[in-house]
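Asker: Please find the sequence and the predicted model below.
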Amino acid sequence: MPTSRVLVTGAGGFIGGHLVRRLKAEGYWVRGVDIKRHDFAEPPADEFIVGDLRDAAVVSEIVRGIDEVYQLAADMGGAGYIFTGEHDACVLHNSASINLNVLEFGKRAGIKRFFYSSSACIYPEYNQLDPDNPKCSEESAYPAAPDSEYGWEKLF
């Protein structure tokens, strides 16, 4: 039975909430963190903290006592937010700040294992136009031409 203490950032989101549930089922102790609670069901985390991961003080606290991190948190307000072009600088800045804080303070806390998730948004839009045959393989991500700034940030 696993005894690792894990941190799931973005635990208030769809994928993060499911990941918390899966890790708990596998016997892990789980700390979930997000800027908001889950919209539909409270993930069964041992501890759930509502906090802004852009804030270095928040991140320096949440990584204490953790063995591995699943970094799913990002500025992802949905397609209506991402694809308007009005929030591009915020999306890049906020998500990069989250990623850099989690990595820096996690490293300082002695965490050795980090998982960073990607997104289909990293692939060029022209690779995704045929719904029956999307080309979303790793080698098709370059030359880079993501479909949004969210995709650029995930490539970063």
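Answerer: Okay, I see it.

Asker: Would you quantify the distance from K107 to A25?
Answerer: For K107, the distance to A25 equals 29 Å [CB to CB, to the nearest Å]. No exception for glycine: its C-beta is placed from N, CA and C like everyone else's.

Asker: higher neighbour count, these two?
Answerer: K107 (12 against 9; other CB atoms under 10 Å).

Asker: does the more buried one sit in a helix or strand, and which one?
Answerer: Assigned by DSSP states H and E, K107 belongs to helix 88-108.

Asker: What of V30?
Answerer: Using DSSP H and E, V30 sits within strand 29-34.

Asker: Direction included, what does that strand pair against?
Answerer: Strands that pair with strand 29-34, judged by DSSP bridges, come out as strand 5-9 (parallel), strand 47-50 (parallel).

Asker: residue ranges with poor pLDDT in this protein?
Answerer: Counting by pLDDT under 70, the chain shows low-confidence ranges at 1-2.

Asker: thinking again about what came up before, contacting residues around the helix holding K107?
Answerer: Applying CB atoms under 8 Å, 6 or more residues apart in numbering, the contact partners of helix 88-108 are 9, 53-56, 59-60, 63, 66, 69, 71, 73-76, 82, 114, 116, 148-150, 152-154, 156.
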